[in-house]
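> Structure, please.
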Amino acid sequence: MARAVQQKTDNLIDWEETAITGPALAFHAGCVVGDNFYIHGGVETKDSKTPSHRLYELSSSGGSWKELSFPGSPSLSHHAAAGLNDRYIILIGGWNGKARSSKIYVFDTEKQLWIEPVVLGFPEDGGLSSHTATALDSGEILILGREGSLRMQRRHGSGYLLSGSVESGKFTYREYTQETASRSGHTTNIIGSALYIVGGRDNNLVEVHPGFKSPKPPPTVTNQIITTMGKLSSVSKMPCGRKNHITVESPGAILIHGGETFDGKSREPVGEMLIFARKPTPSFYKVGVSEVKRAGHVCGVVGDKILLHGGFGGKNHVYAETFILGYKK
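This next block holds a predicted model:
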């Protein structure tokens, strides 16, 4: 991995810029498959209606983002990505330049080709954007978030379970019946046997749903989030709602960074870093304010490193930098 630039704050953990070169993107989708971090699509200017079709790969050894140019890559932004079977990248929904879509695209990282499976079960008059896709130990993917118009959301709810396989060439949506609040630009993480939905609304910052299990435990590098939390004091006031932030899950806590807040005080992305812990009682801890003020960025855990890429900041500038999460000794 390339050498990191010294962080500028006294935060116990903070983002450090690396020499890794990459594309300037916001509202792109990212996921980790094997030892590689992949990002796809997004926009080059914040309010662009013309999404990218480009796919990039960053190996755990670092270097630079490598573009993977193969026929069939869809043009999408505000979509979701999930890794499957340590081989496939599943792209779900998103803005295609004309409308929200519910289509699914698969990139086979072994054969280096794009696949467009048959998709069933989603309402014909709707599509997905600014939603999340969470892999479950059942093999299904939980989809939560914005779909179509408000009229559609009232009729159909805010969640789906996606099942199927690349081998069968077919995926099926079925409505997720447990009541969830309508959200957009949120994140989802599983800790233990519960799903935590963070942000995407101006209130109810964290929503909890029991009865979920992740197919993999959080990487050991995320244990340092728990260690850091032990050196901080919990905050007495609930943080305000936010959207288009990122989260990193650890065995017992979630690190939250950036996004656009709903407090009316800031019209630009913030650099606020928080840790949410579920035990002994649900609590928030303030890490500090990072110099990296971003929204619409992506994050992934690659090997023993937690990486952040892209997003937009002040004056709607879209960034190309890649950061690594550093810990103060």
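> Against Ala194, how distant is Leu128?
As judged by Cβ to Cβ, to the nearest Å, Leu128 and Ala194 stand 24 Å apart. Using the backbone N, CA and C atoms, a C-beta is placed for each residue, glycine as well.
> Compare neighbour counts for the two and give me the winner.
Taking other Cβ atoms under 10 Å, Leu128 and Ala194 do not tie; Leu128 has more neighbours (27 against 14).
> the bottom helix or strand of the chain by mean pLDDT?
Here the helix or strand of the chain ranked lowest by mean pLDDT, DSSP states H and E is helix 150-156, holding a mean of 47.
> Let me know the pLDDT of Arg3.
pLDDT for Arg3: 43.
> same thing with the one 4 residues further on?
Predicted confidence (pLDDT) for Gln7: 51.
> do the same with the one 10 residues further on
Turning to Glu17, the model gives it a pLDDT of 94.
> helices or strands up against the helix or strand hosting it?
In this assignment (DSSP states H and E), Glu17 forms part of strand 13-17. Other elements packing on strand 13-17 under the criterion 3 or more Cβ pairs under 8 Å, 6 or more residues apart in numbering; DSSP states H and E are helix 223-229, strand 283-289, strand 322-327.
> low-confidence ranges in this structure?
1-8, 148-157, 329 (pLDDT under 70).
> Counting neighbours, what do you get for the residue lying closest to Gly22 once chain neighbours are set aside?
Using Cβ to Cβ, 6 or more residues apart in numbering and skipping residues adjacent in sequence, the residue nearest Gly22 is Trp65, 3.9 Å away. Neighbour count of Trp65, defined by other Cβ under 10 Å: 21.
> now swap in Phe276 and tell me
For Phe276, using other Cβ under 10 Å, the count is 22.
> Quick check: it touching Ile256?
Yes - using Cβ atoms under 8 Å, Phe276 is in contact with Ile256, at 6.4 Å.
> isn't Leu84 right next to Gly164, touching?
No - using Cβ under 8 Å, Leu84 makes no contact with Gly164, being 10.2 Å away.
> the more surrounded of these two?
Gly164 (21 against 17).
> Return the residues in contact with that one.
Taking Cβ atoms under 8 Å, 6 or more residues apart in numbering as the criterion, Gly164 is in contact with 117, 170-172.
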